[in-house]
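S.K.: quick check, what structure comes out for this input:
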Amino acid sequence: ALLSVDLGSAAWFTSTQDIVDGMRYAIDVHAQHPAYFRLNGRPVFYFWYQGRYSMADWAAIRQQLDPDHNTIWIAEGAAPDALPVFDGLHMYTISWAQNVAGTLSQWSSTVHAREGLWASTVMPGWDNTYTQQSERYIRARGDGAFLRETFAAAAASSPDMIVITSW
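M.R.: Residues are numbered from 1 along each chain as shown. Okay, the predicted model is just below:
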């Protein structure tokens, strides 16, 4: 099992205290399950849209919940300044990249240079044309070609973890 904390669409996260309460429950209950995903014995939490709050807010949240970094927090996106408040980064989507292998390799180098964990992204394609997002586009699956391309690129990027995103 893996817990991804979605701060973008979760209406119940209206304050940093809501995040503290939700994460405390996730750490105390979900992360204690024997099937919960761990890296080197530490429970892993992936965050999406953490930019909704400042890094100062996140630092205060982390200090309240996990000052010794007994859990692993992975922030989403091109946000190297999230390190070291977060332990690593992942890209929710890599479908926008013209050169997937080059982009994943570059981000791996950036994250590792800051001593963070890199969770590389694999995905079968992308179609967000039915959403309200401002940048809507399709990245064709190509009968599995894009999945194979992203998997090969992710594996070659020296990842600490691989994330599979499906859309």
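
S.K.: ranges for the helices of the protein?
M.R.: Counting by DSSP state H, the chain has these helices, from start to end: 16-28, 55-65, 100-113, 145-156.

S.K.: distance to residue 94 and mean neighbour count added to those helices, as JSON lines?
M.R.: Glycine gets a C-beta too; all of them are placed from N, C-alpha and C. Below are the helices of the chain laid out as JSON lines (distance: least, Cβ to Cβ, whole Å; neighbours: other Cβ atoms under 10 Å):
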{"stretch": "helix 16-28", "distance to residue 94": "26", "mean neighbour count": "15"}
{"stretch": "helix 55-65", "distance to residue 94": "24", "mean neighbour count": "15"}
{"stretch": "helix 100-113", "distance to residue 94": "6", "mean neighbour count": "18"}
{"stretch": "helix 145-156", "distance to residue 94": "6", "mean neighbour count": "18"}
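
S.K.: between the ones you listed, which one is nearest to residue 86?
M.R.: With Cβ to Cβ as the criterion, residue 86 lies closest to helix 55-65 of the helices of the chain, at 7.2 Å.

S.K.: wait, isn't residue 121 in contact with residue 161?
M.R.: No. The pair residue 121 / residue 161 is not scored as a contact, 10.2 Å apart, by Cβ atoms under 8 Å.

S.K.: what residue in this protein is the furthest from its centre?
M.R.: residue 143 (26.1 Å; Cα atoms, centre = their mean).

S.K.: so what's that one up against?
M.R.: By Cβ atoms under 8 Å, 6 or more residues apart in numbering, residue 143 lies in contact with nothing.

S.K.: where exactly do the strands run in the chain?
M.R.: 3-6, 38-39, 42-48, 72-76, 88-90, 117-122, 126-127, 138-139, 161-164 (DSSP state E).

S.K.: by mean pLDDT, which helix or strand of this structure comes out lowest?
M.R.: Lowest on mean pLDDT, DSSP states H and E among the helices and strands of the chain sits strand 3-6, with a mean of 51.
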